[in-house]
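Engineer: Build me a model from this:
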Amino acid sequence: MLISFREECNNAMNWKTTGKKIWKRTWQLSIVLFLMLCILEISYRYQWIDFYKLEFRALNKKASVDKPNILVFGDSFTAHPNGYADQLQKEHQNFNVVNCAIPGTGPYEMELIASRRIADFPPKCVIYQMYLGNDLIDISPQTNWSNLSFKRNVYWTSKQYFQIFNLFSRRISGIQTDFDPSKLKQDEEPFSTKSYSPRTKMLIQANPDYVQQSVMSHSNFEKAIASCKASIHYLREIVPKSTPIYIVMIPHFSQVSNEYNERYQQLGASKTSMRANYPLLKEISKIKGVKVLNPITFFREKEKEGVQLYFNNDPHLTENGQTELFYYLNGQLKNFWK
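Structural biologist: Model prediction:
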């Protein structure tokens, strides 16, 4: 009995010692991983290496160094294969249209990569495409612990401190180089709340009023608007004063027609204001040395003519939408082409 008792005590001590060792190793590993994450975050914020080289190479396989450069920054709207950027290149072959788009990103990422791209391809003109649909919410994620999953809320909360998580998310989800429209809900099926883009529905769950608040420059997005303007100011500072900068604001589909607006409300969102010259545009227009291009009126006219600009079950532009955006920009920049 005594020997058995001693063995049990020794076993308990061994387990306790083992537990302490495991806890110590776990704590040490956590510190190492955290320090590595901090180093990655710093290198990402200062772009010590080109973290978006994959995207750039995929979109610029035929880049030339013998022609004047037009730098185009933007997100998936600009990265779209055979989209408006590619059509500008085909139309104006005496220029080198350098596509610097990064799908799934916003003003912050543009600011990160701008100096490198401008140094490598000194521009004669800069086009920066923005999107009302999620640029502000990317800067200021709308966490909602009641409607969204714990994982999603943790990710959006931590992303505000570790911006490199956005890059991790892109790599894990497979959004890497070419923007692939076939992966979206872009078939010919009629509009359906069940078939609509899951990401759009998730954003609505987070904040049903986020597009309306973006349009009206709601206080909820005050910091995001300031950050957005700061990114454009930065772009203006690093681009030569003689180089024109055009800010192209892609309207959210709910702003373009009453039918789209009603569809958006069916998804659970609040009604969006149909104002064409809304406060956010006015705020951006105050930045000296840039010209804001707002195709919303042009888009509305095309929709009335029967041209479907947006997909039934996704907020991106259709092939026709991309072509109409090309026509719009080509006309707006007609003095530059001369």
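Engineer: With adjacent residues omitted, what lies nearest to the residue nearest the centre of the chain?
Structural biologist: With distances taken as Cα atoms, centre = their mean, the chain has residue 105 as the residue nearest its mean C-alpha position (2.2 Å). Distance criterion Cβ to Cβ, 6 or more residues apart in numbering; nearest residue to residue 105, sequence neighbours excluded, is residue 75 at 5.6 Å. Heads up, the C-betas are built off the backbone N, CA and C, glycines and all.
Engineer: residues contacting the one you found?
Structural biologist: 101-106, 129, 131, 135 (Cβ atoms under 8 Å, 6 or more residues apart in numbering).
Engineer: does residue 337 really touch residue 94, like I thought?
Structural biologist: No: counting by Cβ atoms under 8 Å, residue 337 stays clear of residue 94, with 9.0 Å between them.
Engineer: Between the two, tell me which one has more neighbours.
Structural biologist: Neighbour count, other Cβ atoms under 10 Å: between residue 337 and residue 94, residue 337 has more, with 13 against 7.
Engineer: Confirm for me that the residue nearest to the centre of the chain is in contact with residue 166.
Structural biologist: Yes: look at residue 105 against residue 166 with Cβ under 8 Å: they come within range, at 7.0 Å.
Engineer: what do those two both touch?
Structural biologist: When Cβ under 8 Å, 6+ apart defines a contact, no residue borders residue 105 and residue 166 alike.
Engineer: thinking again about what came up before, which of the contacts of residue 75 fall within helices?
Structural biologist: Judged by DSSP state H, these include residue 135 as members of helices.
Engineer: possible to save the contacts of residue 75 as JSON lines with distance to residue 149 and pLDDT?
Structural biologist: Rendered in JSON lines, the data for those read as follows (distance: Cβ to Cβ, whole Å; pLDDT from 0 to 100):
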{"residue": "101", "distance to residue 149": "29", "pLDDT": "95"}
{"residue": "102", "distance to residue 149": "25", "pLDDT": "92"}
{"residue": "103", "distance to residue 149": "23", "pLDDT": "89"}
{"residue": "104", "distance to residue 149": "19", "pLDDT": "85"}
{"residue": "105", "distance to residue 149": "22", "pLDDT": "87"}
{"residue": "106", "distance to residue 149": "22", "pLDDT": "89"}
{"residue": "129", "distance to residue 149": "31", "pLDDT": "97"}
{"residue": "131", "distance to residue 149": "25", "pLDDT": "94"}
{"residue": "135", "distance to residue 149": "23", "pLDDT": "88"}
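Engineer: Now rank the contacts of residue 75 by neighbours and give me the top one.
Structural biologist: Using other Cβ under 10 Å as the neighbour criterion, residue 102 leads the contacts of residue 75 with 28 neighbours.
Engineer: Okay, it and residue 299: tell me how far apart.
Structural biologist: Going from residue 102 to residue 299 by Cβ to Cβ, to the nearest Å gives 24 Å.
Engineer: just residue 334 next, same as before
Structural biologist: Per Cβ to Cβ, residue 334 is found 19 Å from residue 299.
Engineer: Which one of those two is surrounded by more residues?
Structural biologist: residue 299 (24 against 9).
Engineer: That one against residue 309, yeah?
Structural biologist: Yes: using Cβ under 8 Å, residue 299 is in contact with residue 309, at 5.7 Å.
Engineer: Could you pull out the residues contacting both of these two?
Structural biologist: Applying Cβ under 8 Å, 6+ apart, one finds that residue 299 and residue 309 are jointly contacted by 256, 321, 324.
Engineer: ok, back up a step: cross the contacts of residue 75 against strands and list the overlap.
Structural biologist: 129, 131 (DSSP state E).
Engineer: Which one of the contacts of residue 75 is nearest to residue 41?
Structural biologist: residue 105 (16.2 Å; Cβ to Cβ).
Engineer: Secondary structure element holding residue 87?
Structural biologist: If you go by DSSP states H and E, residue 87 is part of helix 84-91.
Engineer: any idea of the mean pLDDT for that helix?
Structural biologist: Averaged over helix 84-91, pLDDT sits at 96.
Engineer: And the next helix or strand past that helix?
Structural biologist: strand 96-99.
Engineer: Touching that next one from outside, list them.
Structural biologist: Taking contacts as Cβ under 8 Å, 6+ apart, the residues outside strand 96-99 that touch it are 56, 59-60, 63-72, 78-79, 85-86, 88-89, 117, 121, 123.
Engineer: With just CA atoms, put that strand into CSV.
Structural biologist: Taking Å, rounded to 0.1, in the frame of the first residue of the first chain, the C-alpha atoms of strand 96-99 are listed here in CSV:
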residue,chain,number,x,y,z
ASN,A,96,1.8,52.0,-71.3
VAL,A,97,-1.2,51.3,-69.0
VAL,A,98,0.3,49.9,-65.8
ASN,A,99,-2.4,48.0,-63.8
